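Chemist: Got a sequence here, can you model it:
(one chain, ligands or ions: 3)
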Amino acid sequence: MTTSILSQINGPEDLQGLTLNQLKQLAEEIRRELIEVTSRTGGHLAPNLGVVELTIALHRVFNSPADKIIWDVGHQAYVHKLLTGRRDRFATLRQLGGISGFPKREESPHDIFATGHSSTSISAALGIALARDMKKEDFKVVAVIGDGALTGGMAFEALNHAGHTKTDLIVILNDNEMSIAENVGALSSYLTRMRTDPKYYKGKEEIEYILKRIPNIGPKMLQLANRLKDSVKHLVVPGMLFEELGFTYLGPIPGHDLAALKKVLHDAKALTGPVLVHVITKKGKGYLPAEENPDKFHGTGPFDIATGQSAGGTGPISYTEAFGRELVALGQQDARIVAITAAMPTGTGLYHFAREIPHRFFDVGIAEQHAVTLAAGMATQGLKPVVAIYSTFLQRAYDQVLHDVCLQKLPVVLAMDRAGLVGEDGPTHHGVFDIAYLRSIPNLVLMEPKDENELRHMLYTAIQHDGPIALRYPRGNGIGVPLEQQLRQLPLGKAEVLREGSQGWILALGSLVYDALAAAEELAGEGLDIGVVNMRFVKPLDEDLLHRLVATNTPWLTVENHVLAGGFGSAILEFLHQNGYQRQEVTMLGLPDQFIEHGRVEELKAIYCLNQDGIKASCLEMLAKRQQKTILVAGK
Ligand SMILES: Cc1ncc(C[n+]2csc(CCOP(=O)(O)OP(=O)(O)O)c2C)c(N)n1
Ligand SMILES: CC(=O)[C@@H](O)[C@H](O)COP(=O)(O)O
Ligand SMILES: [Mg+2]
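Modeler: Ligands and ions are numbered 1, 2, ... in the order given. Okay, the predicted model is just below:
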């Protein structure tokens, strides 16, 4: 029986004495561990299977944490976690109270920079390198970025700056030809040419061979050519992009060959100035279901290892699916509709549109800013762009929404999926800030459906609207309500009273409306009569209704799957203040002023009272406050 090597790795220093064969065995063991743990916890399996050898080689050649390794997106840092003292806690991956699925500075000194959103690694690494230079310190800085993340504009801004500074910085380009879906764009095609063009390898080797053979002159010319960056690569790959940007380019390197990786990383370490190492890997490497379906196993829920099938039942249609399918139906009737995604065709449900109406579908890569301004440009020409972006990633495009869409009142539909708590991805991904960052922008309509059926009506409404309009909806399954055949236009800024109440009102937003109804039902059983409103619109608010409810002289509870600061409840308070309703009592239920941890959505909702029990308890609190006040007034 072979002894386990992984069980003896308590830190990167334990890699040092291992032979090449032992490192290969370690890679096998890590793959097994990745598959076993993620089959139970879910997680980003395929990206991690692809970087097993690369991560081992990095920790063998560099001296972390003195040398700094920064992972772009950070979804591929599980192997790094296993090698940097978190093996014992690895089974708690992404679970409430367990280790995070992304690098986290609080978790380990080896996690140099927290990530989760894409394309930040080169900027962060450059910042660290420039600080090092200013402080006259001596260590290496390595950014590991995928070919998908390299499509993000920030990565180019950083490459542009890094080449200019000429500082020592190593960028590893982990090229697996995949973003979550297949990678797209001209850069992706360029990388494919570099990878596959036999002229490149052959030409370079032949020229080196010929030059070396010329006595005296040959080796010197070769040296000179390399030093002057007028390297032989230029002779065969015109305009070598990375060299032109000021980087020494090393590659392409087979990314599952430990010996080749160790060698190239040693070479990169010895060079001065910015260096880019181009490593070719296979997403999902070593687990057939993931190799065959890297999109599905990019980020997976629990699954059966033998078959690769997802564990757990199916449940009602997800909000994402309801959106994606309805947009196809609408697109088939209205030729003005175009669908835009920033590298998330599957996650946003736009893959339906891509398949059915490909000529009006655009995947722009991980480029949320560009996606929004592209939509604005199209809208000026009479098109009806629907930009589907997760709430958390739309944060990237704030100014584009404000300056390019709303200022010009352009009819762009912003479909914000993953609004609210998203669960195991945690604080980098919870979509709990969008109401606050959008509500303050003039000309924008902002709404949230109570269920997947209403989402379809809202999408229809959004497309009919002649101006900027955003809809937010959550991750996961809908409520399971019937999907009505006939879509209807919802009157803008009109709420839906679902239950009248004589003792107080719950003003709820999104699917929490159902929890509110259930809580009100329970309270009714206890003799308390609370009304429930599906607010539908955060902007404009249903002011007529709010005036009517103020007149009932009963307390209100606002409920939202969003931070309280600047959210829907705040909008209600502003309404009351603007109208001089100082005496209206309001209790607010939402998320506190802190980043919310990772864990299952139901667990997090229970912690923050965003469920039936929490709403009921808050109602009782609201009624108790009123009671207290009445007693105080009576006894004054
Ligand atoms: C700003 C932003 N937009 C979108 C995403 C969602 N996302 C996470 S990983 C990923 C693909 C990354 O591809 P790549 O960098 O090549 O890594 P790979 O998974 O192929 O290893 C995307 C689109 C994100 N994390 N951040
Ligand atoms: C790392 C990343 O940003 C994505 O992979 C994200 O985790 C996807 O989230 P969903 O699972 O909600 O699509
Ligand atoms: Mg990739």
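Chemist: Give me the buried stretch members for stretch 378-393, please.
Modeler: 378-379, 383-393 (16 or more other CB atoms under 10 Å). From N, CA and C alone the C-beta is placed, and that goes for glycine too.
Chemist: cool, stretch 48-66 as well?
Modeler: Buried residues in stretch 48-66 (16+ other CB under 10 Å): 48-62, 64-65.
Chemist: So which of the buried residues of stretch 378-393 sit within helices?
Modeler: 378-379, 391-393 (DSSP state H).
Chemist: same for ligand 1: which of the residues you listed are within range?
Modeler: residue 393 (CB under 6 Å from any ligand atom).
Chemist: quick one: which of the ones in helices among the buried residues of stretch 378-393 is nearest ligand 1?
Modeler: Nearest to ligand 1 out of those is residue 393 (CB to the nearest ligand atom; 4.2 Å).
Chemist: what sits against that closest one?
Modeler: 117, 342, 344, 368 (CB atoms under 8 Å, 6 or more residues apart in numbering).
Chemist: By neighbour count, which of the residues you listed wins?
Modeler: Using other CB atoms under 10 Å as the neighbour test, the contacts of residue 393 are led by residue 342, with 30 neighbours.
Chemist: from what I can see that one touches residue 362, true?
Modeler: No - Residue 342 sits out of contact with residue 362 when judged by CB atoms under 8 Å, with a separation of 9.7 Å.
Chemist: Quick one: low-confidence residue ranges for the stretch 451-600 of the chain.
Modeler: Nowhere does the stretch 451-600 of the chain drop to pLDDT under 70.
Chemist: got the residue ranges for the helices in it?
Modeler: Here the stretch 451-600 of the chain has its helices, by DSSP state H, counting those that start in this stretch, at 452-464, 512-525, 543-551, 568-578.
Chemist: can you list the ones you listed in a markdown table and add mean neighbour count?
Modeler: Below are these laid out as a markdown table (neighbours: other CB atoms under 10 Å):
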| stretch | mean neighbour count |
| --- | --- |
| helix 452-464 | 23 |
| helix 512-525 | 20 |
| helix 543-551 | 15 |
| helix 568-578 | 18 |
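Chemist: how close does residue 299 get to ligand 1?
Modeler: 8 Å (CB to the nearest ligand atom, to the nearest Å).
Chemist: To clarify, my last question referred to residue 368.
Modeler: 6 Å.
Chemist: ditto for residue 574
Modeler: Residue 574 is 31 Å from ligand 1, by CB to the nearest ligand atom.
Chemist: Residue 386 now?
Modeler: Counting by CB to the nearest ligand atom, the gap from residue 386 to ligand 1 is 18 Å.
Chemist: With the flanking residues excluded, which residue is spatially nearest to that residue?
Modeler: In space, residue 386 comes closest to residue 413 once its chain neighbours are excluded; the distance is 4.4 Å by CB to CB, 6 or more residues apart in numbering.
Chemist: Touching, residue 349 and residue 326? I think so.
Modeler: No - Residue 349 is beyond contact range of residue 326, at 9.2 Å (criterion: CB under 8 Å).
Chemist: farthest pair in the buried residues of stretch 378-393?
Modeler: 383 and 392 (26.3 Å; CB to CB).
Chemist: so who does the residue nearest to residue 386 touch?
Modeler: Residue 413 touches 384-387, 459, 462-463, 465, 469-471, counting by CB under 8 Å, 6+ apart.
Chemist: neighbours around the closest residue to ligand 3 within the stretch 51-200 of the chain, how many?
Modeler: Scanning the stretch 51-200 of the chain for the residue nearest ligand 3 gives residue 146, at 3.7 Å (criterion: CB to the ion). With neighbours defined by other CB under 10 Å, the count for residue 146 comes to 30.
Chemist: Most widely separated two among the contacts of residue 393?
Modeler: Farthest pair in the contacts of residue 393, by CB to CB: 117 and 344, 12.6 Å.
Chemist: do stretch 147-161 and ligand 1 meet at all?
Modeler: Yes - Stretch 147-161 comes into contact with ligand 1 (CB under 6 Å from any ligand atom), by way of 147-149.
Chemist: Which positions within that stretch qualify as buried?
Modeler: Within stretch 147-161, the residues scored as buried using 16+ other CB under 10 Å are 147-152, 154-155, 158-159, 161.
Chemist: Of those, just say which sits nearest to residue 335.
Modeler: Checking the buried residues of stretch 147-161 one by one against residue 335 (CB to CB), the nearest turns out to be residue 151, at 28.6 Å.
Chemist: Near ligand 1, which residues of the protein are found?
Modeler: Checking the chain against ligand 1 by CB under 6 Å from any ligand atom, the hits are 47, 50, 73, 75-76, 117-118, 146-149, 174, 176, 178-180, 283, 298, 342-344, 366, 368, 393, 396.
Chemist: out of these, which are inside strands?
Modeler: Residues of the residues of the chain next to ligand 1 located in strands (DSSP state E): 146, 174.
Chemist: Can you flag which of the residues of the chain next to ligand 1 belong to helices?
Modeler: Those of the residues of the chain next to ligand 1 lying in helices (DSSP H): 47, 368, 393.
Chemist: Excluding chain neighbours, give the residue nearest to residue 415 in space.
Modeler: residue 388 is the one closest to residue 415 (CB to CB, 6+ apart), at 4.2 Å.
Chemist: who's in contact with that neighbour?
Modeler: 323, 339-341, 344, 348-350, 415, 417.
Chemist: go with 10 Å
Modeler: 320, 323-324, 327, 339-342, 344-345, 347-350, 353, 371, 394, 413-417 (CB atoms under 10 Å, 6 or more residues apart in numbering).
Chemist: Residue 147 too?
Modeler: So residue 147 contacts 173-179, 183, 185, 187-188, 191-192, 195, 278, 280-281, 365 (CB under 10 Å, 6+ apart).
Chemist: same thing with residue 295?
Modeler: Counted by CB under 10 Å, 6+ apart, residue 295 has contacts 46, 178-182, 283-284, 345-347, 351.
Chemist: Could I get the pLDDT score of it?
Modeler: Per-residue pLDDT puts residue 295 at 97.
Chemist: contacting residues around stretch 16-29?
Modeler: So stretch 16-29 is in contact with 2-9, 14-15, 52-53, 55-57, 59-60, 63, 79, 82-83, 256, 258-259, 261-262, 285-286, going by CB under 10 Å, 6+ apart.
Chemist: can you check stretch 313-320 too?
Modeler: With CB under 10 Å, 6+ apart, stretch 313-320 has contacts from 322-325, 344, 346-350, 388, 415, 417-419, 449, 451-453, 455-456, 472-481, 483, 510-511.
Chemist: Compute the first-to-last residue distance for that stretch.
Modeler: 17 Å (CA to CA, to the nearest Å).
Chemist: Is it positioned near ligand 2?
Modeler: No - applying CB under 6 Å from any ligand atom, one finds stretch 313-320 separated from ligand 2 by no less than 8.5 Å.
Chemist: Quick one: end-to-end length of stretch 329-345, please.
Modeler: 17 Å.
Chemist: in it, what's buried?
Modeler: 330-331, 337-345.
Chemist: same check, this time on stretch 577-588
Modeler: 584, 586-588.
Chemist: among the residues you listed, which are in strands?
Modeler: Those of the buried residues of stretch 577-588 lying in strands (DSSP E): 586-588.
Chemist: quick one on the thing from earlier: intersection of neighbour lists for residue 117 and residue 344?
Modeler: Contacts common to residue 117 and residue 344, judged by CB under 10 Å, 6+ apart, are 366, 368, 393.
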